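Student: any chance you can model this:
(chains A, B, C and D, ligands or ions: 4)
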There are 2 protein chains.
Amino acid sequence: MILTRAEELCRERGVQFTALRREVLEAVAASEPPPGAYDIAERLSRPGRRVAPVSVYRALDFLMELGLVHRIASRNAFVPCAHAHGIGENVVFLICRTCGGIDETTSPEVESGLGKTLKRAGFTPAHSILEVEGDCGACRDKARGAG
Amino acid sequence: MILTRAEELCRERGVQFTALRREVLEAVAASEPPPGAYDIAERLSRPGRRVAPVSVYRALDFLMELGLVHRIASRNAFVPCAHAHGIGENVVFLICRTCGGIDETTSPEVESGLGKTLKRAGFTPAHSILEVEGDCGACRDKARGAG
DNA sequence: CAGGGAGTGATACACTGTAACAAAGCCGCC
DNA sequence: GGCGGCTTTGTTACAGTGTATCACTCCCTG
Ligand SMILES: [Zn+2]
Ligand SMILES: [Zn+2]
Ligand SMILES: [Zn+2]
Ligand SMILES: [Zn+2]
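Tutor: Ligands and ions are numbered 1, 2, ... in the order given. The predicted model follows:
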């Protein structure tokens, strides 16, 4: 459970896992497809309690700092980290254009290949994003069954 | 020269390489660091002739369709294509966080590695973006000289 | 209680991108 | 040349995304 991981991580680092941060993380984890910041703000707001987007952004920054949430640059959306991997580790985001779902995987092959390419180009990497848009297995099977 | 390539490409496809499209392409090619759409609009505007951002977006869409311009998702910026490569071909963008310059390269290693990873994940790709942020060789050398 | 730091609320604003419709230019056809 | 249809551009308005700033609360410490 990502909430448990969040609690542990915050305890380790001596930072606060506040109610708002928890709620934002829950919203990111529960929303399908991956929500934008404004979607989260709307989801957390009710009559009598408005959560402003700016508060959501702050919570998201916090969660991204801890590696609990990733930002999908090509969608302006946020996904919960599925892997508990180290910060800065290269991940591949698989964005299904049919169901809108976003999966996350790692790729040693890409990592080593990219390392060679960067070395060849004389470029020192700090971090990178790799986002692939296409069709996930489930949607492809569905289409095949229907077609 | 990218303008020559643009003219040929438009002639081949029977589409118009209008004055505005040419100016937008020139602006993208001449601006350093890579400009946003609003930067381009401002650059092309003068007293007596205002180029609205929406016109720039349309020209950029056109140029991207032809593969003459790329959009950098992590920066909301646009760069001229440096390679005349096929549309959909995987490229790697090298974004220098010091000088802001964005270089473009291809990587067969990444391509094949990514292919394996996607197959393993059962994901059918349509297109992908790979953007690496770090320090370019020139800036690293400069820092070394100064440090 | 005074002081300080972290977190949140609230407002305003800047930046990025799109929708809708009108006006202008181009082009083939009569 | 004039007409009709298409593409391109202008104009306005708007939606969506993200940040700056300041005030307020809460909690901890001395
Ligand atoms: Zn992750
Ligand atoms: Zn899918
Ligand atoms: Zn290119
Ligand atoms: Zn540089």
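Student: spell out which parts of chain A neighbour DNA strand D.
Tutor: Selection of chain A residues close to DNA strand D by Cβ under 7 Å from any atom of the strand yields A:G36, A:A37, A:Y38, A:D39, A:P53, A:V54, A:Y57, A:R71, A:N76. For the C-beta atoms, the positions are set from N, CA and C on the backbone; glycine is no exception.
Student: could you pick out the buried ones from the residues you listed?
Tutor: Among these, those that count as buried by neighbour count (16 or more other Cβ atoms under 10 Å in any protein chain shown) are A:G36, A:A37, A:D39, A:R71.
Student: closest one of those residues to ligand 4?
Tutor: A:R71 (23.7 Å; Cβ to the ion).
Student: which of the helices or strands spans that closest one?
Tutor: Assigned by DSSP states H and E, A:R71 belongs to strand A:69-72.
Student: who's in contact with that strand?
Tutor: Strand A:69-72 is contacted by residues A:25, A:28, A:34, A:60, A:63-64, A:77-81, A:91, A:93, A:95, A:102, A:104, A:131 when judged by Cβ atoms under 8 Å, 6 or more residues apart in numbering or on different chains.
Student: could you rerun that using 6 Å?
Tutor: A:V28, A:L63, A:F78, A:V79, A:P80, A:C81 (Cβ atoms under 6 Å, 6 or more residues apart in numbering or on different chains).
Student: among those residues, which are in helices?
Tutor: Those of the contacts of strand A:69-72 mapping onto helices are A:V28, A:L63, per DSSP state H.
Student: helix or strand for the closest residue to A:A37 other than its chain neighbours, which one?
Tutor: Closest residue to A:A37 apart from its sequence neighbours, by Cβ to Cβ, 6 or more residues apart in numbering or on different chains: A:V56 at 4.8 Å. In the assignment (DSSP H and E), A:V56 maps to helix A:53-65.
Student: I figured A:S74 was touching B:A73, is that so?
Tutor: Yes. Using Cβ atoms under 6 Å, A:S74 makes contact with B:A73 at a distance of 4.8 Å.
Student: interface residues of chain A facing DNA strand C?
Tutor: Within chain A, the positions lying close to DNA strand C (Cβ under 7 Å from any atom of the strand) are A:15-16, A:18-21, A:49-55, A:58-59, A:62.
Student: please enumerate the helices of chain A.
Tutor: A:2-13, A:19-30, A:37-44, A:53-65, A:108-121, A:137-146.
Student: residue contacts, A:R144?
Tutor: Counting by Cβ under 6 Å, 6+ apart, A:R144 makes contact with nothing.
Student: next: A:G100.
Tutor: A:P33.
Student: tell me the pLDDT of it.
Tutor: Residue-level confidence at A:G100 comes out at 93, pLDDT.
Student: now it: how far from DNA strand C?
Tutor: 16 Å (Cβ to the nearest atom of the strand, to the nearest Å).
Student: quick check: the gap between the nearest residue to A:E109 once chain neighbours are set aside and B:L60.
Tutor: Taking Cβ to Cβ, 6+ apart, and ignoring the residues beside it in sequence, A:E109 has B:G113 as its nearest neighbour in space, at 3.1 Å. Noted for B:G113: a distance of 31 Å to B:L60, by Cβ to Cβ, to the nearest Å.
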